[in-house]
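Visitor: What would the 3D arrangement of this be:
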Amino acid sequence: MDYAEILDEWTAAPGFEVNLTIDREQEGWDGHVGFVPNYVKELNPDLKKTVLVCGPPIMIKFTVAGLTELGFTPEQIYTTMELRMKCGIGKCGRCNIGAKYVCKDGPVFRYDELGELPDEY
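Guide: This is a model prediction of the structure:
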């Protein structure tokens, strides 16, 4: 199954909403164009929802800030930290942040969990 098929499956799933955007116009793209943090504010999602944010760390940082500005609590926001992983089994220590190993304790974390970690994140 390729990415487009998986995306089609997700968008068809009941109770699951997928909103796509690209940051620069491209030929053949007829969807939204704009940066994710701005698009999130534009979408103004229901505050009763749970949000999963994945992507480059800088995008995650500004998207989470936008979600917080909209009124989402850290308990409603989940994000990924897989860029910190190397071995994936907790042996190399590269992904260690405080008492957490991203590869073993994550890589998906609730945002309030990240607030408990040392500033090195």
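
Visitor: what helix or strand is the residue in the chain sticking out farthest from the centre on?
Guide: Going by C-alpha atoms, centre = their mean, the residue of the chain most distant from its centre is E27, 26.2 Å out. For E27, there is no host helix or strand (DSSP states H and E).

Visitor: what about the residue lying closest to M81 once chain neighbours are set aside, how many neighbours?
Guide: With sequence-adjacent residues excluded and distances taken as C-beta to C-beta, 6 or more residues apart in numbering, M81 is closest to V102, at 4.8 Å. The C-beta positions use only the backbone N, C-alpha and C, and glycine is treated the same way. V102 is flanked by 23 other residues according to other C-beta atoms under 10 Å.

Visitor: Kindly report the same for the one 3 residues further on.
Guide: Applying the criterion other C-beta under 10 Å, we find 16 residues in the vicinity of D105.

Visitor: Could you report the pLDDT at it?
Guide: Reported pLDDT at D105 in the predicted model: 86.

Visitor: quick thing: my sequence starts at 468, can you match it?
Guide: In the new numbering, first residue 468, that becomes D572.

Visitor: where along the protein do the strands fall?
Guide: Assigned by DSSP state E, the strands in the chain fall at 488-489, 499-500, 518-520, 544-547, 563-564, 567-568, 575-577.

Visitor: helices and strands around the last one, which ones?
Guide: Contact analysis of strand 575-577 by 3 or more C-beta pairs under 8 Å, 6 or more residues apart in numbering; DSSP states H and E lists strand 544-547 as its packing neighbours.

Visitor: The strand it packs on: partners in the sheet, and parallel or antiparallel?
Guide: strand 518-520 (parallel), strand 575-577 (antiparallel) (DSSP bridges).

Visitor: Kindly format the C-alpha coordinates of it as PDB.
Guide: C-alpha atoms of strand 544-547 as PDB (Å, rounded to 0.1, in the frame of the first residue of the first chain):
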ATOM      1  CA  ILE A 544      -1.800  17.400  22.200                       C
ATOM      2  CA  TYR A 545       0.400  14.500  21.200                       C
ATOM      3  CA  THR A 546       3.600  14.900  19.200                       C
ATOM      4  CA  THR A 547       6.600  12.800  18.000                       C
END
